[in-house]
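1. Let's see this in three dimensions:
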Amino acid sequence: MLQLSDILEAKERVRDTSRWTPLQYSHTYSSMTGAEVHLKLENSQRTGAFKIRGATNRIATLSAAEREAGVVTASAGNHAQGVALAASRAGVEATIVMPEHAPISKVKATRNYGAEVVLEGTDYNEAAERAHEIEREEDRTYLHAFDDEDVMAGQGTIGLEILEDCPELDTVVVPIGGGGLISGIATAVKERNPDARVIGVQAEGASSAAPSLEKGERVTLEGVETIADGIATRSLGERTFPIVREYVDEIVTVTDPEIAVATVNLLERSKTVVEGAGAVPLAALLFDRFEYEDGETIVPVLSGGNIDLNTLSNVIVRGLVETGRYLKIRTVLKDRPGSLEELLAILTAHQANIYAIHHDRTSRDVEMSDTEVEIELEMRGTDHVERFLAALREEGYEVDVLA
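-> Below you'll find the model as predicted:
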């Protein structure tokens, strides 16, 4: 099983390729939670995520024959970019299989780092099947995204950095997909500071870790569905599972709406861009998914920032909806002069700012003497939304909330 000595050796190997990322104290989240919150900004890492660490360490262990034959791997995006850059810098040819619906930004970045990209499969597991076929056909070395001790050791260098920058650490909060990141960090942290807690966080739509620990063996999901594509795996790895069982104190889950809220919070309050997987540790903290004491020193690991812009725009809207900052409604008016003005007067009285309005006389869902109106509004929070909707209904409007 992975040892602290493996991580210490990896620290020397990855020094020239990966960055020592900042640990930033957050007054905002400390005030919101009562804890002392330090954000580990791994989203500022080369390639935009932590994966460059494990990829660099694994490639450094290849034999001369393995380097000559090249490597192949499967990835939803971040491991792909890490392997592509690490292989390019080491002069090793790399082929990366990515799911067909991988974010365009991650596909382009992987190609730009010098790898050949093959798009196949609906998720990581199907992409991995194709990658193993290439491994056999071309006699390449397969670089697993998480289920490999050298990869775990590389990711564990994050734990060493956290301990050095924050010796008063009480709790580290880490995303879990296949378990490579948390296995490395947990080994480093627990071996150096056994009293520190390690909390793992999964997306609700890809939550295999907690049931695996409860059952005492790995549970494989039939499918996954989450905006946190970086941790959208069906199961823990064979090698990561015993480490998670040994060192991780608690595993919790967060929902996609909660991930969206955390992402928007980081954008607005911390001026920090993260992908869904990078936001799950903060989501767990903000939504009280685990217990902690006032003044406890907590480090959420923001594991990556490679979010597709189309995905980001959708996540922002969802985050604004969840916090009562955006509202989309539909109602029906009499098709006569002044009816829209009467509705707008209520909006004005309640300081609801209009983003867009759509007035449709042709809808088959209303009487011919009526007209349908859809309005997108900027609001000031959930209380503001509730007061505004109550006022509309008191005035006799039937209102459907669309978002």
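2. SS state for Glu291?
-> coil (DSSP: H, G, I helix; E, B strand; the rest coil).
3. wait, what's in contact with the most centrally placed residue in the chain?
-> What sits nearest the mean C-alpha location of the chain, by CA atoms, centre = their mean, is Ala277, with 1.4 Å. Ala277 makes contact with Asn78, Pro175, Gly177, Ala203, Ala228, Asp229, Gly230, Ile231, Ser303, Gly304, according to CB atoms under 8 Å, 6 or more residues apart in numbering. Using the backbone N, CA and C atoms, a C-beta is placed for each residue, glycine as well.
4. Strands - which of those residues land there?
-> Using DSSP state E, the subset of those located in strands is Pro175, Ala203.
5. just the contacts of Ala277 now: which is nearest Glu137?
-> Closest approach to Glu137 among the contacts of Ala277 (CB to CB): Asn78, at 25.5 Å.
6. For the closest one, report the pLDDT, please.
-> Looking at Asn78, its pLDDT stands at 90.
7. Pretty sure it sits against Lys106.
-> Yes: counting by CB atoms under 8 Å, Asn78 touches Lys106, with 7.2 Å between them.
8. Residues that sit against both of these two, list them.
-> Contacts common to Asn78 and Lys106, judged by CB under 8 Å, 6+ apart, are Asn306.
9. Mind checking which of these two has more residues around it?
-> Under the neighbour definition other CB atoms under 10 Å, Asn78 and Lys106 were set side by side, and Asn78 has more, 30 against 27.
10. From Glu398, how far off is the nearest residue to that one once chain neighbours are set aside?
-> Excluding the flanking residues, the one nearest Asn78 by CB to CB, 6 or more residues apart in numbering is Ala49, at 3.8 Å. To Glu398, Ala49 is 47 Å away according to CB to CB, to the nearest Å.
11. Looking at those two, which is more packed in?
-> Ala49 (28 against 9).
12. Rebuild the contacts of Ala277 as TSV, extending it with distance to Asn112.
-> Below are the contacts of Ala277 laid out as TSV (distance: CB to CB, whole Å):
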residue	distance to Asn112
Asn78	14
Pro175	25
Gly177	24
Ala203	28
Ala228	24
Asp229	19
Gly230	19
Ile231	24
Ser303	21
Gly304	17
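13. Now, the contacts of Ala277 that are in helices?
-> Asn78 (DSSP state H).
14. Among the contacts of Ala277, which pair sits farthest apart?
-> Asn78 and Ala203 (15.1 Å).
15. Would you map the strands across the stretch 151-300 of the chain?
-> Here the stretch 151-300 of the chain has its strands, by DSSP state E, counting those that start in this stretch, at 171-175, 197-203, 250-254, 297-302.
16. Mind listing the strands the second one pairs with, and their directions?
-> Paired neighbours of strand 197-203 in the sheet (DSSP bridges): strand 171-175 (parallel), strand 250-254 (parallel).
17. What helix or strand is Val97 located in?
-> In this assignment (DSSP states H and E), Val97 forms part of strand 94-98.
18. What average pLDDT does that strand get?
-> 96.
19. Does anything pack onto the helix or strand just after that strand? Which helices or strands?
-> Using DSSP H and E, the next helix or strand after strand 94-98 towards the C-terminus is helix 104-112. Counting contacts by 3 or more CB pairs under 8 Å, 6 or more residues apart in numbering; DSSP states H and E, helix 104-112 packs against helix 78-90, strand 94-98, strand 116-119.
20. Kindly state the pLDDT recorded for the residue nearest to the centre of the chain?
-> 96.
21. can you give me the helices in the stretch 251-400 of the chain?
-> Using DSSP state H, counting those that start in this stretch, the helices of the stretch 251-400 of the chain run over residues 256-270, 276-286, 309-322, 339-349, 382-394.
22. now do the stretch 101-250 of the chain
-> 104-112, 124-138, 149-165, 180-192, 209-215, 240-247.
23. can you redo the ones you listed as JSON lines with mean pLDDT?
-> JSON lines is the format used below for those (pLDDT from 0 to 100):
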{"stretch": "helix 104-112", "mean pLDDT": "89"}
{"stretch": "helix 124-138", "mean pLDDT": "92"}
{"stretch": "helix 149-165", "mean pLDDT": "98"}
{"stretch": "helix 180-192", "mean pLDDT": "98"}
{"stretch": "helix 209-215", "mean pLDDT": "96"}
{"stretch": "helix 240-247", "mean pLDDT": "98"}
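24. Output those helices in a markdown table; the columns should cover distance to Thr33.
-> A markdown table is the format used below for these (distance: least, CB to CB, whole Å):
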| stretch | distance to Thr33 |
| --- | --- |
| helix 104-112 | 31 |
| helix 124-138 | 32 |
| helix 149-165 | 18 |
| helix 180-192 | 20 |
| helix 209-215 | 23 |
| helix 240-247 | 24 |
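25. of all these, which lies closest to Thr61?
-> Once the helices of the stretch 101-250 of the chain are compared by CB to CB, helix 149-165 is nearest, at 5.2 Å.
26. Point out the other elements, helices or strands, that the closest one touches.
-> helix 4-14, strand 23-25, strand 36-41, helix 51-60, helix 180-192, strand 297-302.
27. Work out the gap between the fifth one and the centre of the chain.
-> For helix 180-192, the distance from its own C-alpha centre to the chain's C-alpha centre is 19 Å (CA atoms, centre = their mean, to the nearest Å).
28. what's the angle between it and helix 149-165?
-> For helix 180-192 against helix 149-165, the angle by axes from the mean of the first three to the mean of the last three CA atoms, to 10 degrees is 50 degrees.
29. Other residues contacting helix 180-192?
-> 2-4, 7, 50, 54, 145-148, 151-160, 162-163, 169, 172, 174-176, 196, 198, 200, 237, 239-240, 243-244, 247-248, 301, 303.
30. mind exporting that helix as CSV, just the C-alpha atoms?
-> Provided in CSV are the C-alpha atoms of helix 180-192 (Å, rounded to 0.1, in the frame of the first residue of the first chain):
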residue,chain,number,x,y,z
GLY,A,180,-6.5,8.8,-6.2
LEU,A,181,-6.4,12.4,-4.9
ILE,A,182,-7.8,11.7,-1.4
SER,A,183,-5.6,8.5,-1.1
GLY,A,184,-2.5,10.6,-1.6
ILE,A,185,-3.5,13.5,0.5
ALA,A,186,-4.9,11.3,3.3
THR,A,187,-1.7,9.2,3.5
ALA,A,188,0.5,12.3,3.7
VAL,A,189,-1.7,14.1,6.2
LYS,A,190,-2.4,11.1,8.5
GLU,A,191,1.2,9.9,8.5
ARG,A,192,2.4,13.3,9.5
